[in-house]
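Compute the structure for the input listed below.
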Amino acid sequence: MKIGKMIYILFIVVLVGVFCVSAFYVGSYVVQSQKQQAAYNELASMMESIQNTRPPISQTTPTAPTQTDAPEETTVPTEPVILPEYLALYEMNNHTVGWIKIEGTKVNYPVMQTPDRIDYYLSRGFDQQFSRFGSIYVRESCDVNKPSDNVTIYGHHMSDGSMFASLDNYYKEDFYHIYPYIYFDTLTEYHTYRIFAVFKTSATIGKGFPYHRFENASSKEEFDAFVATCKELSFYDTGFTPVYGDKLICLSTCEYTLENGRLVVAAYRIS
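Model prediction:
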């Protein structure tokens with residue numbers, strides 16, 4: 001057999017091998033994507049009754065207590081009670097700290113946190129088994145319940161549009177005006193947040209804006225400086241600015257136009 005023909009046959013064999021391996025990985029990704037989505041759809045269906053009966057935003061804003069002539073009762077502080085709607089989730093996985101939903105997107109997931117294990121849910125699903133999709137999870141040092149002045153919430157940017165990939169919609173100001181709210185409940189309280197800035201930055205140390213490191217402001221000036229930087233980097237002016245004392249969340253996912261880029265959607269609690 002001529003050397004040229006042997007090289008040609010070897011080349012074809014290599015191409016077929018590469019195709020088979022690629023097909024295997026693509027097929028594996030699709031199967032895992034469908035399995036993951038089905039699992040989260042099942043969890044979301046459990047939460048459907050909550051999401052459908054949530055009061056309008058205007059009705060969820062706290063109001064001042066009514067003055068009465070009755071003497072003030074002395075009560076003993078008690079531990080917060082898990083809402084009945086979320087108790088089943090917590091019993092399934094006690095790493096659950098809340099639920100996040102954004103209308104008009106695929107974001108409708110439980111939120112996890114492991115204070116003693118860094119990035120535990122970066123590559124684990126709700127069942128704590130390996131998953132390249134990971135889970136939506138809170139930065140370990142943040143306090144969800146107190147809460148910290150800023151809580152950073154991470155999610156992968158998956159090519160099937162799941163997890164936090166649909167945050168890409170907020171590149172467009174028109175989309176923001178239609179869906180300006182993020183619903184992020186803890187296990188014990190319902191909360192609504194209004195988006196005030198959408199920006200991208202690098203997560204490389206010394207190159208980008210370290211939004212994730214800001215958790216509790218030591219002063220009004222520090223808080224205002226953080227908010228000002230978020231708004232300065234924002235793709236558009238939302239017209240809203242949090243004030244000292246407001247509680248913030250930063251949703252964070254990968255962004256591919258910058259080296260080690262991150263897309264961040266920042267919001268403040270309004271109820």
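
what about stretch 187-207, start to end distance?
End-to-end distance for stretch 187-207, by C-alpha to C-alpha, to the nearest Å: 36 Å.

ok now that stretch, how far from the chain's centre?
Relative to its parent chain, stretch 187-207 has a centroid offset of 8 Å by C-alpha atoms, centre = their mean, to the nearest Å.

Now do the buried residues in that stretch.
Using 16 or more other C-beta atoms under 10 Å as the burial criterion, the residues of stretch 187-207 that qualify are 187, 190-203. From N, CA and C alone the C-beta is placed, and that goes for glycine too.

residues touching the closest residue to Asp116 other than its chain neighbours, list them.
Nearest residue to Asp116 in three dimensions, chain neighbours excluded: Glu140, at 7.5 Å (C-beta to C-beta, 6 or more residues apart in numbering). Residues near Glu140 by C-beta atoms under 8 Å, 6 or more residues apart in numbering: 113-118.

If we use 10 Å, what do you get?
113-120, 152 (C-beta atoms under 10 Å, 6 or more residues apart in numbering).

Of all pairs in these, which one is the farthest apart?
Between any two of these, the greatest separation by C-beta to C-beta is 17.2 Å, found for Asp116 and Thr152.

higher neighbour count, the two?
Taking other C-beta atoms under 10 Å, Asp116 and Thr152 do not tie; Thr152 has more neighbours (23 against 6).

host element of that one?
Per DSSP states H and E: Thr152 is located in strand 150-154.

Ala225 too?
Counting by DSSP H and E, Ala225 is found in helix 220-233.

Show me how far the helix or strand that the strand holding Thr152 is followed by is from its chain's centre.
Once the chain leaves strand 150-154, the next helix or strand it forms, by DSSP H and E, is helix 173-178. Relative to its chain's centre, helix 173-178 lies at 19 Å (C-alpha atoms, centre = their mean).

Surely Gly245 touches Val227?
No - using C-beta atoms under 10 Å as the test, Gly245 is too far from Val227 to be in contact (11.6 Å).

Which of the two has more residues huddled nearby?
Neighbour count, other C-beta under 10 Å: between Gly245 and Val227, Val227 has more, with 23 against 9.

and the nearest residue to the more buried one once chain neighbours are set aside, what element?
Take Val227 and drop its neighbours on the chain: the residue closest to it by C-beta to C-beta, 6+ apart is Pro242, 5.3 Å away. Using DSSP H and E, Pro242 falls within no helix or strand.

Correct me if wrong: Pro242 contacts Cys250.
No - with contact defined as C-beta under 10 Å, Pro242 does not count as touching Cys250 (11.7 Å).

what do these two both touch?
150, 197, 226, 230, 266-267.

and which of those is nearest Gly161?
Ala267 (21.0 Å).

Identify the residue nearest that closest one in space, chain neighbours excluded?
Using C-beta to C-beta, 6+ apart, the nearest residue to Ala267 is Tyr193, at 3.7 Å.

next one: Gly104
Distances taken as C-beta to C-beta, 6+ apart place Tyr179 nearest to Gly104, at 4.3 Å, with adjacent residues excluded.

Tell me how many other residues crowd Thr253.
Thr253: 22 neighbours (other C-beta under 10 Å).

what's near enough to touch it?
Residues near Thr253 by C-beta under 10 Å, 6+ apart: 136, 153-158, 163-168, 261-265.

list the helices and strands whichever helix or strand Tyr90 is part of packs on?
Using DSSP H and E, Tyr90 falls within helix 84-92. With contacts taken as 3 or more C-beta pairs under 10 Å, 6 or more residues apart in numbering; DSSP states H and E, helix 84-92 sits against helix 3-53, strand 96-101, strand 108-112, strand 181-186.
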